[in-house]
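# here are the coordinates; sequence isn't available:
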């Protein structure tokens, strides 16, 4: 009996029956990967946010695999895990577009971009494996998204009601996607406007108000929640209600109110927002360093004590062997070194290739191990969606830039500054790949622990997800760059995607290595960020709704129409959740349907945006679907707003009915 007990996992099934890694699950994960990765790339470049894919991937997997024998929740982990990893890897777009923004790349070479994603992501898997026992198995961290995804899997596998909920959840995602894509089609046809705006003057100053008619942004607002939404509203008020009027009044100029206000916001106010983002991100990391180190030390001590007692490792506690982890990590250094050498090429830094590559590899190992622990802990503490991953990018690029300033800058002239900046971004992209996967890996391993999955099989599925995502990201990035471009890049037009994090990170790299950054506005923003941090701390001490400083900075930095739509989505999500708590027989089920509806809204519009980018590139026109001209503007404004409001209300109503 004792022998058999050791062969049982936490889920209670015999080890011999565990078929967690199936070809069906891996292929399903690949299909979901295509959807969620493309959607996250588009959303991240547009609004600076990505959405967590664990829960919707779990729902889709359960619905598709519900007829599988044995434990469906275990078989689902391979498809959910690979698609979740790839969706998370899409956060690499917070760095890579910087190479286009600084003018070093004109597009995204497929194999170079794919290898940066794959190598950094796989290294992230390897670096986070030794942390599983410390931060998952022996840790009190809540892992909010991992626990929620596990509940979805267990409910779906345990009962007919759960299977019915999985099917209803899949219908909810599909419904939201179709409605979102249909309205985006109306916008593409110019039968509805994407944004409603009005600019005006108050004496010598100028400002305005705008709101985007975007279901993807409404969905993003629902997912980020009321606290983040109101913080972004505070940022909007600071940016457009205070900074823009003051700065336009200090330097009055001729022209329309719209031209003056948007110019001042783009050239000055955004740098103030960048200062807030930088300080907020660094503060968030500094604040949790103590708990991270303490948690790792105590958990490792507990693990050593347990192993010292001679206990055998059960199936649900078996990681990939540490020898393989170390060997793979070392082996990855070879292709990374080749990538770095190829990037240096025959440019002005070619003569320093050996010390540059050696120091960069050391930096990737040290910084990668650090960010893996930090991001894993942050994901366990507050969830992968709320983890300030952009703060890791800021610290990583500052570290890379300072390293290059010491190793290379003293030995080259000004002609090498451009390549130094690009090289710093390239190295940061690899470190950021480690961060994004570590941010997701431990969250999903927590899900596996709760449903009785085998860790090493989950880790293999994660590597598969990294590879899937690495093949999807380059063509999507290249397509969006050709169709829209990125704000701040040479030749960027009015429709350029904001890419807020990539713009900030590239500006910091140029500022450190080139000295051409206006630090005064960033410094003022940093001061504002300190005040916001103090206000947030006071609100927390008083037990009031918090004001996340990073969200305030993003509210200043993003275009007003984008921010306003996210704020509206956050308020709608809050009202929906309150209704669920008051009137639903199963409030949590109704809330889950709201999350899935919001996910569908994001996926539908985002995939349409990627498809439209293909049409833009293929036809050579910015409006390939337009059927009316500017004379239809008034009808498109009023009619589009009414249709948008009606469709959003209908989606929320249907979501509530589905869970009734």
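That came through, no problem. Here the structure is a predicted model, which is why all the values come from computation and not from measurement. Numbering: from 1, shown residues only.

# thought residue 435 was touching residue 124?
Yes. With contact defined as C-beta atoms under 8 Å, residue 435 counts as touching residue 124 (7.0 Å). Bear in mind the C-beta positions are built from the backbone N, C-alpha and C, glycine included.

# between those two, what contacts are shared?
With contacts defined as C-beta atoms under 8 Å, 6 or more residues apart in numbering, the residues shared by residue 435 and residue 124 are residue 372.

# for residue 504, what are its contacts?
When contacts are counted by C-beta under 8 Å, 6+ apart, residue 504 touches 274, 277, 278, 390, 394, 557.

# Now it: which helix or strand?
Assignment of secondary structure by DSSP states H and E places residue 504 within helix 500-514.

# Looking at that helix now, give me its mean pLDDT.
For helix 500-514, mean pLDDT is 82.

# following that helix, which helix or strand comes up?
According to DSSP H and E, the helix or strand after helix 500-514 is helix 519-541.

# Can you point out the buried residues in that next one?
Applying a neighbour-count criterion of 16 or more other C-beta atoms under 10 Å, one finds 521, 522, 524, 525, 526, 528, 529, 530, 532, 533, 536 buried in helix 519-541.

# doesn't residue 548 make contact with the last one?
Yes. Under the criterion of C-beta under 8 Å, residue 536 is in contact with residue 548, at a separation of 6.8 Å.

# ok, residue 599 touching residue 222?
No. The pair residue 599 / residue 222 is not scored as a contact, 9.1 Å apart, by C-beta under 8 Å.

# tell me the SS of residue 622?
At residue 622 the chain is in coil, as set by DSSP: H, G, I helix; E, B strand; the rest coil.

# give me the number of residues near it?
13 (other C-beta atoms under 10 Å).

# other SSEs contacting the helix or strand hosting residue 476?
Assessed by DSSP H and E, residue 476 sits inside helix 455-483. Packing partners of helix 455-483 (3 or more C-beta pairs under 8 Å, 6 or more residues apart in numbering; DSSP states H and E): helix 23-47, helix 72-89, helix 110-128, helix 417-451, helix 587-619.

# Beyond the shortest one, next helix or strand please.
Scanning the chain past helix 72-89 towards its C-terminal end, the next helix or strand to appear is helix 98-101 (assignment: DSSP H and E).

# How far away from the center of its chain is that following helix?
18 Å (C-alpha atoms, centre = their mean, to the nearest Å).

# The nearest residue to residue 530 once chain neighbours are set aside: neighbour count?
Nearest residue to residue 530, sequence neighbours excluded (C-beta to C-beta, 6 or more residues apart in numbering): residue 279, at 6.3 Å. Residues lying near residue 279 (other C-beta under 10 Å) number 26.

# OK, contacts around residue 279?
So residue 279 contacts 525, 526, 529, 530, 533, 549, 553 (C-beta under 8 Å, 6+ apart).

# Return the member of those nearest to residue 339.
residue 553 (32.2 Å; C-beta to C-beta).

# any idea how far that closest one is from residue 235?
Distance, residue 553 to residue 235, using C-beta to C-beta, to the nearest Å: 6 Å.

# what residues are shared contacts of these two?
273, 276.

# And these two? Which one has more around it.
residue 553 (32 against 28).

# was I right about the more buried one contacting residue 283?
No. At 10.9 Å, residue 553 does not count as touching residue 283 under the criterion of C-beta under 8 Å.
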